[in-house]
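[1] Give me a model of this one.
(one chain, ligands or ions: 1)
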Amino acid sequence: VTGVRVLLVEDDSELAGMLAELFSSEGYAVEVASDGQRALHRGLTGDYDVMVVDRGLPAVEGLDLVRRLRRSGRFTPVLVLSALGEPRDRVDGLDAGAEDYLAKPFDVDELLARLRALTRRHAERAERLSIPGGSLDLGSREVTTVSGDVVPLSTREYDLLVRLAASPGRVFTRSELLLDVFEDAEADGVVDTYVHYLRRKLGRETINTVRGLGYRLGRA
Ligand code: CA
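    As a prediction, this is how the structure comes out:
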């Protein structure tokens, strides 16, 4: 696993230290975040191959952290560690967007095996989302059209398109998109502006206007 980058999110400093040492000894490059807010920032700006996330965290709770990363188009595989190990708790973890869930106390060898499985699957999976007339590469943030043209997107164009493409059947209101994608903007108009940019780059059919409701990904 040499060079595989792990973000470990754990507020219990003793456990964090133990796990960081364990992961390092297995060849992972480990970074530690001690609360959900820091982890969110790193998850959004850093480039990790896998994340190990404690569920009970200060600032931003573990499952909320996973949801927020997914909503922002970050699909780094996540393994959740939690003292809550009932079937319902696991379901909540997977529904939040985590790939795997391990109850505390856990067996160290099992944790390492699951981590290897996650990184292996991640490396094998093509990281693309389908969009009308092409596909969006989540690594390079470029759209490849069916005719083979590569169209680079700006950060905000990408964020907006990922949000729509991650739930292709769903209609999003403008205020929902404003909140999810343009956190620091105030007026709904910014959503329309970026829809316009995306249509200009990728074709009108990429995003449908649902009158009186909002927007959704167009039909392929
Ligand atoms: Ca904790």
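
[2] Any figure for the gap between A117 and the ion?
    24 Å (CB to the ion, to the nearest Å). Every residue, glycine included, has its C-beta placed from N, CA and C.

[3] Can you report how many residues neighbour L160?
    Using other CB atoms under 10 Å, L160 has 26 other residues around it.

[4] tell me which element it falls in.
    Assigned by DSSP states H and E, L160 belongs to helix 155-166.

[5] And for L161, the neighbour number?
    26.

[6] do D64 as well
    15.

[7] can you start the count at 750 instead of 1 from here on
    In the new numbering, first residue 750, that becomes D813.

[8] okay, it: pLDDT?
    Note on D813: pLDDT of 97.

[9] OK, contacts around it?
    785, 845 (CB atoms under 8 Å, 6 or more residues apart in numbering).

[10] Likewise for Y946?
    903, 906.

[11] Going toward the C-terminus from the helix or strand hosting it, what's the next helix or strand?
    Under the criterion of DSSP H and E, Y946 resides in helix 938-951. Counting by DSSP H and E, the next helix or strand C-terminal to helix 938-951 is strand 956-959.

[12] helices and strands around that following strand, which ones?
    helix 938-951, strand 963-966 (3 or more CB pairs under 8 Å, 6 or more residues apart in numbering; DSSP states H and E).

[13] re earlier: how far off helix 904-915 does the helix holding Y946 point, in degrees?
    Using axes from the mean of the first three to the mean of the last three CA atoms, to 10 degrees, the direction of helix 938-951 lies 80 degrees away from that of helix 904-915.

[14] Show me which residues of helix 938-951 are buried.
    939-940, 943-944, 947, 951 (16 or more other CB atoms under 10 Å).

[15] OK, now which residue of the protein is nearest to the ion?
    G805 (3.9 Å; CB to the ion).

[16] for the protein, which residue is closest to the average position?
    The residue lying closest to the centre of the chain (CA atoms, centre = their mean) is R823, at 2.6 Å.
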